[in-house]
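>>> Predicted model and sequence follow; I will ask about them next.
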Amino acid sequence: MTDTRHWLWIAALFLLGALLWAIHPILSPFLIGILLAYMGDPIADQLERWKLSRTWAVIVVFSVFTLILVIALLVLVPMLGKQLVRLYELAPQMIDWAQNSALPWVQAKLGLGEGFWKFDKIKAAVTEHLGQTTDIVGTVLASAGASSLALLGWLGNVVLIPVVSFYLLRDWDIMIAKLRGLLPRSREGFIVQLLGECHEVLGAFLRGQLLVMLGLGIIYSAGLMLVGLELGLLIGIIAGLASIVPYMGFVIGFGAAITAGFFQFGTEFYPLLGIAAVFTVGQLLEGMLLTPLLVGDRIGLHPVAVIFAIMVGGQLFGFTGILLALPVAAVIMVVLRHAHDFYKQSDIYDDGQAVETVEVVEVVPVTPTE
């Protein structure tokens with residue numbers, strides 16, 4: 001009977017996986033809604049402790065989120081759009097600079113042969129595409145018009161996200177209590193402990209690491225714009241987003257910023273020094289203030305595991321897989337930790353046949369006394 005029950009559980013898991021695979025194209029708004037509700041639940045709980053009803057607490061949380069989104073749309077998006085257009089226009093010049101200045105210098109230093117770098121075809125393709133239109137918005141709208149059904153589906157998902165988030169956040173505690181009531185009584189304590197550890201890891205990562213990413217994005221963007229880097233906002237945001245993996249944001253952001261700095265300022269010392277100072281200050285603040293304060297040492301997700309999980313999720317399920325990657329990785333990490341503990345306590349690891357040690361007693365000769 002026990003074996004049959006185990007096989008039923010395995011079959012149920014396979015059926016669940018097949019169902020998720022079949023419906024994953026429509027899961028994105030629901031997963032984003034679950035993510036927003038999960039992140040907003042502690043704030044709503046705190047407002048409830050301040051004598052607000054659950055509905056009004058959710059309304060306050062949504063009002064704050066909406067205000068932040070509106071500010072981002074009104075201030076950040078137009079500035080970012082201008083920089084994207086500027087990058088689009090500068091692409092041929094940057095290829096020229098790389099081909100005629102930067103790469104020959106690298107070629108001379110490394111002793112590479114003539115004609116090693118060939119960017120003529122890339123430059124021709126970019127220039128031809130740039131000549132077709134300078135209106136990126138028009139291009140996007142034309143592409144969207146060619147697929148009206150896809151555009152309507154995308155708009156429907158955007159509208160669906162706040163609706164799903166609102167109802168999930170309002171009923172979050174009720175749903176958690178009902179799910180707990182469905183757990184097997186004999187295993188409830190262990191399952192609750194396991195899910196509590198998953199919640200600690202995942203909550204620390206999502207709430208803490210996302211705040212670290214936001215802080216670093218603001219630091220890098222503001223610093224690079226103060227230095228005068230033309231693409232400072234774009235590079236700073238990319239560096240902040242890449243900071244989901246420790247040190248990746250610094251590597252990508254500094255590499256892109258110093259390259260853009262050489263292109264814009266040439267070999268002028270002080271602007272390049274300013275770029276290096278911005279990323280140095282950002283790393284110091286991340287290591288000494290942001291990460292200890294917002295994340296702590298509770299994550300336990302190795303940077304390589306984060307990269308691998310995101311790549312696997314994206315490869316298998318696309319954007320939906322990227323949303324699922326980190327929660328699944330956190331659960332797998334906690335399960336593996338318990339499996340390791342079970343293995344160390346099992347008969348497979350210690351079968352009771354301990355190696356007997358023979359104590360060697362050194363014989364000291366006794367000198368006879370007279």
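Arrived safely, thanks for sending.
>>> Kindly state the domain boundaries assigned to this protein.
Following automatic domain parsing, the chain resolves into domains at 24-182, 187-300.
>>> from the ones you listed, which stretch is densest packed?
Of all the domains of the chain, domain 187-300 carries the top mean neighbour count, a mean of 18, counting by mean count of other CB atoms under 10 Å. C-beta: built from backbone N, CA, C; applies to glycine.
>>> pLDDT of it, averaged?
For domain 187-300, the mean per-residue pLDDT is 85.
>>> coming back round to it: tabulate the domains of the chain (JSON lines), appending distance to residue 4.
Shown next, in JSON lines, are these (distance: least, CB to CB, whole Å):
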{"stretch": "domain 24-182", "distance to residue 4": "21"}
{"stretch": "domain 187-300", "distance to residue 4": "18"}
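>>> Out of the ones you listed, which is closest to residue 321?
When these are compared by CB to CB, domain 24-182 sits nearest residue 321, at 7.5 Å.
>>> how distant is that closest one from the center of its chain?
13 Å (CA atoms, centre = their mean, to the nearest Å).
>>> Do a quick rundown of the helices in the stretch 51-200 of the chain.
Ranges of helices in the stretch 51-200 of the chain, per DSSP state H, counting those that start in this stretch, are 54-71, 77-97, 103-110, 120-132, 136-146, 148-170, 172-181, 188-203.
>>> which stretch in those helices has the least confidence?
Mean pLDDT is lowest for helix 136-146 among the helices of the stretch 51-200 of the chain, at a mean of 50.
>>> hang on, the earlier thing: among the helices of the stretch 51-200 of the chain, which is nearest residue 223?
Once CB to CB is applied to the helices of the stretch 51-200 of the chain, the stretch that comes out nearest is helix 77-97, at 15.4 Å.
>>> same for that closest one, what does it pack against?
Contacting helix 77-97 under the criterion 3 or more CB pairs under 8 Å, 6 or more residues apart in numbering; DSSP states H and E are the following elements: helix 120-132, helix 136-146, helix 232-242, helix 248-265.
>>> change it to 7 Å
helix 120-132, helix 232-242 (3 or more CB pairs under 7 Å, 6 or more residues apart in numbering; DSSP states H and E).
>>> ok, residues contacting the shortest one?
Residues from elsewhere that reach helix 232-242, judged by CB atoms under 7 Å, 6 or more residues apart in numbering: 79-80, 83-84, 87, 213-214, 216-217, 220-221, 224-225, 248-249, 252-253, 256-257, 260.
>>> and the angle from it to helix 77-97?
Interaxial angle of helix 232-242 relative to helix 77-97 (axes from the mean of the first three to the mean of the last three CA atoms, to 10 degrees): 100 degrees.
>>> Just give me how far helix 232-242 sits from the chain centre.
Centroid separation for helix 232-242 versus its chain: 14 Å, with CA atoms, centre = their mean.
>>> could you give the angle of it to helix 248-265?
Angular relation of helix 232-242 and helix 248-265 on a 0 to 180 degree scale: 160 degrees, by the same axes, to 10 degrees.
>>> Please give the element, helix or strand, for the residue nearest to residue 343 when sequence neighbours are not counted.
In space, and not counting its chain neighbours, residue 343 is closest to residue 349: 5.5 Å by CB to CB, 6 or more residues apart in numbering. Assessed by DSSP states H and E, residue 349 sits outside every helix and strand.
>>> gap between residue 349 and residue 341?
Here the distance between residue 349 and residue 341 works out to 11 Å (CB to CB, to the nearest Å).
>>> Could you do residue 158 as well?
Distance, residue 158 to residue 341, using CB to CB: 44 Å.
>>> go on, residue 214?
Relative to residue 341, residue 214 is positioned 36 Å away (CB to CB).
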